[in-house]
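>>> Curious how this folds, go ahead:
(one chain, ligands or ions: 1)
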Amino acid sequence: MTATRVRFAPSPTGYFHVGSARSALFNWFVARQADDGVFLLRIEDTDADRNREEWVDGIVEAMEWLGLHADEGPFRQSDNAPAHQAAIDQLFAGGYLYFCDCTGDAVQSRKGDNKTPGYDGFCRDRGLERSATTGIRFKTPLEGGTTVRDLIRGDVEFSHSVIDDFIIAKSSGAVLFALANVVDDRNDRITHVIRGEEHLPNTPKQILLWEALNAVTGVATPTPVYAHLPLLVNEQRKKLSKRKDPVATEQYRDEGYLPEAFVNYLALLGWSPRGDEEKVPVAQLIAEFRLEDVSHSPAFFDVKKLQHLNGEYIREMPLEQFIAHSMPWVSPDPAAWSPSALSLPWRPEQFDYERYATIAPLVQERISLMSEIAPMIDFLFLPEPPMDAEAFAKSVAKDETARVILRELAAELSTTSWDRDTLHACVVGVGERHEWNLRKTQAPVRCAVTGKLVGPPLFESMELLGRDETIRRIVDAAERAS
Ligand code: GLU
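Numbering: from 1, shown residues only. Model (predicted):
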């Protein structure tokens with residue numbers, strides 16, 4: 001039995017796409033459920049024009065965040081250049097390759113009205129030598145076809161008549177994806193290639209290369225098992241767009257998704273665990289996951305569902321854990337990780353940990369993202385409540401009774417005892433005098449105290465803010481509106 005060896009092989013050309021994160025996760029599942037399975041990380045960094053070092057860091061950090069630790073790597077594909085070159089030399093010696101100096105324009109003009117895509121094989125028998133203008137092409141067999149045995153899609157047949165003599169190295173010497181990826185997979189002894197379905201058309205070419213390398217190197221290894229994961233689509237059932245859809249895993253991390261929730265949600269993209277429960281712990285996901293059960297239909301990346309699931313994960317956290325976990329979104333430690341582009345409403349010295357810890361359980365019940373916390377409780381740390389003008393106009397300014405209520409309440413609050421039940425009774429009592437129910441009475445009070453019409457429970461908030469400050473805000477709101 002060969003030990004299972006899988007790899008995640010991202011190209012560092014941008015943010016860590018959620019589709020890539022799903023590929024990484026499914027590979028990781030397969031490694032974790034096999035005895036001695038190995039999950040390898042290989043950064044495919046050979047496209048110097050499009051790669052950036054910061055994207056490499058982004059991928060590595062986001063994978064750590066998700067808990068997808070590599071057993072081997074991260075390796076750099078660029079370090080394997082000598083192996084790629086050796087493979088090219090061997091394939092040349094075996095008669096599988098040829099030099100070609102056709103420009104794209106030349107190929108096009110030979111085609112005329114013939115719309116057949118791909119290269120026409122013009123240089124195949126010209127016997128060109130290596131030069132500064134020659135790229136290298138693979139001689140795709142003229143007859144027959146190649147079958148991709150795909151665990152998700154079944155057998156997919158590709159006739160060689162539709163596979164052109166594809167380029168494996170450019171005239172600059174740069175080795176292209178199809179070959180570099182196969183050479184590395186062979187050297188890394190990869191048993192399963194699990195990747196997005198956009199790679200399916202590459203796979204017959206890569207099988208041809210793999211078999212050619214088997215023949216010329218004398219090292220015959222079986223081609224890997226393939227599994228091409230379904231496309232991720234948006235609400236309009238269109239392929240997720242880098243520009244229009246939120247596809248960066250880093251962005252989800254910064255908004256305050258929990259890695260456990262994110263992993264759980266990614267697992268549901270094209271696959272589902274047994275039972276009706278969607279919230280499934282990772283150990284169970286690993287135990288139940290089967291590539292054979294992955295669907296080949298496009299999977300809807302439903303941000304609302306993801307956010308809902310995140311809320312469930314937040315609510316089940318023990319309070320201390322919730323508080324500790326939320327600190328980067330309310331009082332970031334300059335020496336530790338913090339969400340990028342975080343803009344807190346308060347200055348660091350205005351934050352009060354004790355006050356936060358007291359309100360935290362009420363916040364925890366109400367949010368589905370960590371980034372929702374600060375705007376919900378800003379009134380507790382700022383000297384003035386950040387007033388929502390529309391809410392103020394609607395609940396305080398427009399209604400004389402509301403202002404009378406605020407003044408009467410301010411007077412009563414100066415003598416009552418200061419606990420949430422008494423505060424509640426007080427607000428109810430003042431409202432009743434004007435035949436206003438609690439709901440109606442609360443609105444101007446809440447707006448005066450917090451600046452908004454929604455937020456954590458009002459009486460707890462007033463209790464926490466303290467008598468003097470609460471009264472001051474209520475009087476201030478009534479006066480401002482008069
Ligand atoms: N570097 C390729 C990509 O990011 C890897 C594809 C593969 O997994 O083979 O799309």
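
>>> what helices or strands is the strand or helix carrying E354 leaning on?
Using DSSP states H and E, E354 maps to helix 353-364. Helix 353-364 sits against helix 319-330, helix 373-377, helix 458-465, with contacts defined as 3 or more CB pairs under 8 Å, 6 or more residues apart in numbering; DSSP states H and E. For glycine as for every other residue, the C-beta is placed from the backbone atoms N, C-alpha and C.

>>> Quick check: buried residues in it?
Of the residues in helix 353-364, Y356, I359, A360, L362, V363, Q364 count as buried by neighbour count, 16 or more other CB atoms under 10 Å.

>>> follow-up on the earlier one: for the helices and strands packed on helix 353-364, which one sits closest to the ligand?
The closest of those to the ligand is helix 319-330. By CB to the nearest ligand atom, the value is 29.4 Å.

>>> okay, the angle between that closest one and helix 353-364?
Angle of helix 319-330 versus helix 353-364, following axes from the mean of the first three to the mean of the last three CA atoms, to 10 degrees, is 100 degrees.

>>> Need the CA coordinates for helix 319-330. CSV is fine.
Output in CSV follows, covering the C-alpha atoms of helix 319-330 (Å, rounded to 0.1, in the frame of the first residue of the first chain):
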residue,chain,number,x,y,z
LEU,A,319,-17.5,33.7,27.6
GLU,A,320,-13.8,34.0,28.5
GLN,A,321,-12.9,32.6,25.1
PHE,A,322,-15.2,35.0,23.4
ILE,A,323,-13.7,37.9,25.2
ALA,A,324,-10.1,36.8,24.5
HIS,A,325,-10.9,36.1,20.9
SER,A,326,-12.6,39.4,20.3
MET,A,327,-9.7,41.6,21.7
PRO,A,328,-8.1,42.2,18.2
TRP,A,329,-11.4,43.8,17.2
VAL,A,330,-11.9,46.0,20.2
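
>>> Can you name the residue of the stretch 51-200 of the chain nearest to the ligand?
R195 (3.5 Å).

>>> give me the beta-bridge partners of that residue?
H228 (DSSP bridges).

>>> Could I get the contacting residues of it?
A9, S23, A227, H228, L229 (CB atoms under 8 Å, 6 or more residues apart in numbering).

>>> contacts with the ligand among those residues, please.
On the criterion CB under 6 Å from any ligand atom, A9 are the entries of those that sit beside the ligand.

>>> can you redo the contacts of R195 as TSV with neighbour count and pLDDT?
Formatted as TSV, these follow (neighbours: other CB atoms under 10 Å; pLDDT from 0 to 100):
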residue	neighbour count	pLDDT
A9	25	98
S23	22	98
A227	23	98
H228	25	98
L229	26	98
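
>>> ok, now which ones touch the residue most central in space within the chain?
Nearest to the geometric centre of the chain sits T249, at 2.4 Å (CA atoms, centre = their mean). By CB under 8 Å, 6+ apart, the contact set of T249 is Y15, F16, H17, V18, S20, A21, A62, W65, L66, F262.

>>> roughly how far apart are the last one and R366?
Between F262 and R366 the computed distance is 20 Å (CB to CB, to the nearest Å).

>>> These two: which has the busier surroundings?
With neighbours defined as other CB atoms under 10 Å, F262 and R366 compare such that F262 has more, 24 against 16.

>>> Can you name the residues that contact the more buried one?
Taking CB under 8 Å, 6+ apart as the definition, contacts of F262 comprise A21, L66, T249, Y252, R253, L306, N310.

>>> again, 7 Å this time
For F262, the contacting residues are L66, Y252, by CB atoms under 7 Å, 6 or more residues apart in numbering.

>>> first vs last residue of stretch 292-304, how far apart are they?
One end of stretch 292-304 to the other measures 28 Å (CA to CA, to the nearest Å).

>>> and the helices and strands packed on helix 353-364 as JSON lines, adding distance to the ligand, mean neighbour count and mean pLDDT?
Converted to JSON lines, the helices and strands packed on helix 353-364 look like this (distance: least, CB to the nearest ligand atom, whole Å; neighbours: other CB atoms under 10 Å; pLDDT from 0 to 100):
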{"stretch": "helix 319-330", "distance to the ligand": "29", "mean neighbour count": "16", "mean pLDDT": "98"}
{"stretch": "helix 373-377", "distance to the ligand": "35", "mean neighbour count": "19", "mean pLDDT": "98"}
{"stretch": "helix 458-465", "distance to the ligand": "49", "mean neighbour count": "20", "mean pLDDT": "97"}
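
>>> Distance to T191 for those - can I get that in CSV?
Listed next are the helices and strands packed on helix 353-364 as CSV, based on distance: least, CB to CB, whole Å:
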stretch, distance to T191
helix 319-330, 37
helix 373-377, 45
helix 458-465, 57
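
>>> ok, and the closest non-adjacent residue to T140?
Once flanking residues are discounted, T140 sits nearest to I163: 4.8 Å by CB to CB, 6 or more residues apart in numbering.

>>> what's the spacing between that neighbour and P222?
To P222, I163 is 21 Å away according to CB to CB.

>>> Then V6?
Here V6 is placed at a distance of 15 Å from P222 (CB to CB).

>>> higher neighbour count, these two?
Using other CB under 10 Å, the more surrounded residue of V6 and P222 is V6, with 27 against 9.

>>> May I have the phi/psi pair for the more buried one?
The phi/psi pair for V6 (degrees, to the nearest 10) reads phi -120, psi 160.

>>> check contacts around the nearest residue to it once chain neighbours are set aside.
Spatial nearest neighbour of V6, excluding adjacent residues (CB to CB, 6+ apart): N27 at 4.3 Å. By CB under 7 Å, 6+ apart, the contact set of N27 is V6, R7, F8, F39, I194.

>>> doesn't A106 make contact with D120?
No - contact criterion CB atoms under 7 Å: D120 and A106 do not qualify, at 10.0 Å.

>>> more crowded one of these two?
D120 (15 against 12).

>>> For that one, give me its contacts.
By CB under 7 Å, 6+ apart, the contact list for D120 reads V107, R110, K111.
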